[in-house]
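Peer 1: structure, please.
(2 chains)
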Number of protein chains: 2
Amino acid sequence: MKKQKLRIGLVGLQAGRSWAAVAHLPALRELSDHYEIVGVVNSSLESSRAAAEASAIPRAFGSIDEMAASRDIDLVVVTVRVPLHYDAVKSILSHGKHVYCEWPLGRTLAEAEELAAMARERSVVAVAGTQARVSPAIRKLSELIKTNSIGSIVSSSIHGWATPWGATISDTKNEEYLRKQDSGADLLTIPFAHTVAAACDVLGSISQLSANVHTRYPRVKALDKGTYIEADAPDYISVIASLTNGAPLSMEYTGGHSVYGDAFIWQIEGTTGQLVITASTGHTQLANLAITRYSPSRQEPDVIEIAGMDHFGPHTNVKEIYRRLASDVINGTHSAPSFEEAISLHKLIEDIRFSSRTGQRISPATLSLPRFVSQF
Amino acid sequence: MKKQKLRIGLVGLQAGRSWAAVAHLPALRELSDHYEIVGVVNSSLESSRAAAEASAIPRAFGSIDEMAASRDIDLVVVTVRVPLHYDAVKSILSHGKHVYCEWPLGRTLAEAEELAAMARERSVVAVAGTQARVSPAIRKLSELIKTNSIGSIVSSSIHGWATPWGATISDTKNEEYLRKQDSGADLLTIPFAHTVAAACDVLGSISQLSANVHTRYPRVKALDKGTYIEADAPDYISVIASLTNGAPLSMEYTGGHSVYGDAFIWQIEGTTGQLVITASTGHTQLANLAITRYSPSRQEPDVIEIAGMDHFGPHTNVKEIYRRLASDVINGTHSAPSFEEAISLHKLIEDIRFSSRTGQRISPATLSLPRFVSQF
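Peer 2: From the prediction side, this is the model:
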């Protein structure tokens, strides 16, 4: 008996360089038992055709609506810029198709809520790409914490750096919009959000927080143009929080490169040991995270082996989302990060903005990111 | 003409091991042109005599009051535990003598305010030992910032670790009181306070802050006894703040050893470069601080040379305070850290506690630590 495959349409693909090309295509090709890439759509039919030809995809569509309406498509994947998510996902859902939209789901909480409500009505599988949460290292960390590898959590501290939110940008065409708050695609909503979602999966929910969100560089030098652009998106975030077990958590995200030491360092102190997670970028959604355990009883730290890290690349975490998504469609599980969970994350980001604006410590029920349960 | 020397009485000296023995005696011996150690007093006359004999100090006193009353004493130096500062300093001031009291000045702001008011009335030189502020590295940093070595400050981040505020203590007799809030001698009031005072000298004042102050370990294992002690003093502090120029500052102090990387790391991002300050302990009041400058225009970082770091030791910063103190007494300058400045620091600590307790962001005028002006 031939296994039924999910037939995919991709929104946004530039052969060899876009996120879809670098992460989604390789992930899907490794999951060809479950998925078949049927079509692609870009901003013009000409561009769609070029992408289809370059990546050996059968069909080029003229519009998202046309693709979503097609009887040959089961699932549409949205990897275009954040400001385009809302219209794209709305069109897909209006045709009752399953959807996988990259995180952030919307430019704003309101956009995301509307999309989540629509997905609920249509009873489709609606997945948001908070893929740090499903990365091999984060799943390993969750397991280490659950199995009391370091006892109870006593405190935790995260410091990450991420580009392009420093003093300069180097590719104006692709980076300028990331420095505009209106795009909804910045240091707070991208690397910080991916990371705090993963941190909550590992450490448990945040019960209260205070935040400082800054735009340190209102003028950013565009190195490729030799000019300056204006910026109003966050390029610095610091949050001091408490976890539901009472332990303190601090998170700091600094735009730009780290000049000294790791660009990502996460320390978790437990009652019987400590875990230190490091990477060369604060973009944990695509970082190669290393885990080391320190025990008072052992002289040498343990480098933790992480399953699934062979050939780690940008496609690794995306592939894990696709594996879960296939199960959710075929078996009715709820294993991939959902639009509902994306709403919780959007709300957390709004709470952080509110705290920064007002100086108030926040402790709403809305902060509780649902604990993510691994199905695989 | 023979130079007039300040005649010193020391309160609290255990030969070879107390802070006075390790830091004050060596500092004073290098400043023998200005100072003459005349006497010592401990908790008993017998102990005073033992200390006097062991350190070749002419006189042993039976009480602080007797020492302070002596016509042979100009300046009394208080290096006993914080809970004993109030009575000691009060006695010294009642006899109109100059005083150098180690930081923290009082167990509480109220104690410190009473002592500062008394010093003001008596018109004596009253110095508090916030010696990180006068350390060679901190003075160098202030100079680097003032001379625009990295342009304007964009953001700054400090993370320090300090013992004995981790899961264990190893010397119950000398460390247990440091884990009791009532002693006024803990992670917040000692290493954090020394460091934030120095940071404000370098970066400018804090204009607003939110804080989390925790006691993560209410039960602390006493390794030397094999038992547990109860603890209620802070062993974790995180503060998110803004400087008067609007730049964000984050500070985190974690009790215990750092298992990974430097136990003190301070990053200052400026518009034209970055400074990174590191040390092997968060106790900046006695740490050997290294400064490195990173410039976008240079491939290799610059290790900054710091004058006065030859033979750096626990006495180095204390010696600088004594140099300033001598000038303040003899020339009427105001160059050593004063009781008045100690009040500002005690107030800042109270603001941090208040913010942590209430969840409110604080921005009082009292936060302005007076900017410290180097006279030497």
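
Peer 1: helix, strand, or coil at A:W266?
Peer 2: strand (DSSP: H, G, I helix; E, B strand; the rest coil).

Peer 1: isn't it up against A:A199?
Peer 2: Yes: the criterion here is Cβ atoms under 8 Å, and A:W266 meets it with A:A199 at 7.4 Å. Backbone N, C-alpha and C define where each C-beta goes, glycine included.

Peer 1: so what sits against both of those two?
Peer 2: A:S156, A:I158 (Cβ atoms under 8 Å, 6 or more residues apart in numbering or on different chains).

Peer 1: can you name the residues of the stretch 201-350 of chain A sitting close to chain B?
Peer 2: Within the stretch 201-350 of chain A, the positions adjacent to chain B are A:208, A:210-212, A:214, A:216-217, A:236, A:238-242, A:247-248, A:250, A:252, A:254, A:256, A:259-261, A:265, A:267, A:269, A:271, A:274, A:276, A:278, A:292, A:294, A:296, A:301 by Cβ under 8 Å from any Cβ of the partner chain.

Peer 1: distance check, A:G96 against A:P83.
Peer 2: 24 Å (Cβ to Cβ, to the nearest Å).

Peer 1: alpha carbons of stretch A:151-159, in CSV - could you do that?
Peer 2: Presented in CSV, the C-alpha positions along stretch A:151-159 are these (Å, rounded to 0.1, in the frame of the first residue of the first chain):
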residue,chain,number,x,y,z
GLY,A,151,18.2,18.7,41.0
SER,A,152,15.8,21.6,41.3
ILE,A,153,16.4,24.8,39.4
VAL,A,154,17.8,27.5,41.7
SER,A,155,18.5,30.3,39.2
SER,A,156,19.1,30.8,35.5
SER,A,157,20.8,33.4,33.4
ILE,A,158,20.8,33.9,29.6
HIS,A,159,22.9,36.4,27.6
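
Peer 1: could I get the contacting residues of the closest residue to chain B within the stretch 1-150 of chain A?
Peer 2: Across the stretch 1-150 of chain A, the shortest distance to chain B (Cβ to the nearest Cβ) belongs to A:I150, at 11.0 Å. Contact analysis of A:I150 by Cβ under 8 Å, 6+ apart lists A:L144, A:I268, A:E269, A:G270, A:T271, A:T272, A:G273, A:Q274, A:L275, A:R293.

Peer 1: in contact with the fifth one, which residues?
Peer 2: When you say that, I think you mean A:T271. A:I150, A:G151, A:S152, A:V154, B:A167.

Peer 1: isn't the second one right up against A:T272?
Peer 2: Pointing back at A:G151 there. Yes: using Cβ under 8 Å, A:G151 is in contact with A:T272, at 3.6 Å.

Peer 1: spell out which residues make up each domain of chain A.
Peer 2: What the record gives for chain A is the domain set A:6-131+A:318-338, A:133-306+A:342-367, from automatic domain parsing.

Peer 1: can you give me the helices for chain A?
Peer 2: Here chain A has its helices, by DSSP state H, at A:19, A:25-30, A:45-54, A:64-69, A:85-94, A:109-122, A:136-146, A:172-175, A:193-203, A:314-331, A:339-358.

Peer 1: quick one: average confidence on the shortest one?
Peer 2: Spelled out, it's helix A:19. Confidence for helix A:19, expressed as mean pLDDT, is 95.

Peer 1: can you name every helix or strand that that helix contacts?
Peer 2: Where contact means 3 or more Cβ pairs under 8 Å, 6 or more residues apart in numbering or on different chains; DSSP states H and E, helix A:19 is not packed against any helix or strand.

Peer 1: show me the contacts of A:T271 that map onto strands.
Peer 2: Members of the contacts of A:T271 lying in strands (criterion: DSSP state E): A:V154.

Peer 1: thinking again about what came up before, from the contacts of A:I150, list just the buried residues.
Peer 2: A:L144, A:I268, A:E269, A:G270, A:G273, A:Q274, A:L275, A:R293 (16 or more other Cβ atoms under 10 Å in any protein chain shown).

Peer 1: report the beta-bridge partners for the closest residue to the first one other than its chain neighbours.
Peer 2: Using Cβ to Cβ, 6 or more residues apart in numbering or on different chains and skipping residues adjacent in sequence, the residue nearest A:L144 is A:L275, 6.5 Å away. With beta bridges defined as DSSP bridges, A:L275 has these partners: A:I268, A:R293.

Peer 1: state the phi and psi torsions of the most centrally placed residue in chain A.
Peer 2: Chain A has A:T130 as the residue nearest its centroid, 3.1 Å off, counting by Cα atoms, centre = their mean. Note on A:T130: backbone dihedrals following degrees, to the nearest 10 are phi -80, psi 70.

Peer 1: I figured it hits A:E341, correct?
Peer 2: Yes: shown here, A:T130 and A:E341 form a contact pair, counting by Cβ under 8 Å, at 7.1 Å.

Peer 1: now the common contact residues for the two.
Peer 2: With Cβ under 8 Å, 6+ apart, A:T130 and A:E341 have common neighbours A:A197.

Peer 1: so where is chain A shaky, pLDDT-wise?
Peer 2: Applying pLDDT under 70 to chain A flags the ranges A:1-3, A:364-376.

Peer 1: what about 50?
Peer 2: A:1, A:366-376 (pLDDT under 50).

Peer 1: quick revisit: now, of the residues of the stretch 201-350 of chain A next to chain B, which are buried?
Peer 2: A:208, A:210-212, A:214, A:216-217, A:236, A:238-242, A:247-248, A:250, A:252, A:254, A:256, A:259-261, A:265, A:267, A:269, A:274, A:276, A:278, A:294, A:301.

Peer 1: narrow the residues you listed to those in strands?
Peer 2: Per DSSP E, the subset of these in strands is A:208, A:210-212, A:214, A:236, A:238-242, A:248, A:250, A:252, A:254, A:265, A:267, A:269, A:274, A:276, A:278, A:294.

Peer 1: could you give the number of residues near the residue of the stretch 51-200 of chain A found nearest chain B?
Peer 2: As assessed by Cβ to the nearest Cβ, chain B sits closest to A:V154 within the stretch 51-200 of chain A, at 4.8 Å. Applying other Cβ atoms under 10 Å in any protein chain shown, we find 26 residues neighbouring A:V154.

Peer 1: give the contact list for it.
Peer 2: Counted by Cβ under 8 Å, 6+ apart, A:V154 has contacts A:A247, A:E269, A:G270, A:T271, B:A167, B:R216, B:Y217.

Peer 1: which of those sits closest to A:E36?
Peer 2: A:G270 (45.1 Å; Cβ to Cβ).

Peer 1: which residues does that closest one contact?
Peer 2: A:I145, A:S149, A:I150, A:G151, A:S152, A:I153, A:V154.

Peer 1: look up how far B:P164 lies from the nearest residue to the fifth one once chain neighbours are set aside.
Peer 2: Which is A:S152. When the adjacent residues along the chain are set aside, A:S152 lies closest to A:T271, with 4.9 Å between them (Cβ to Cβ, 6+ apart). Distance, A:T271 to B:P164, by Cβ to Cβ: 17 Å.

Peer 1: A:K146 now?
Peer 2: In terms of Cβ to Cβ, A:K146 sits 31 Å off from B:P164.
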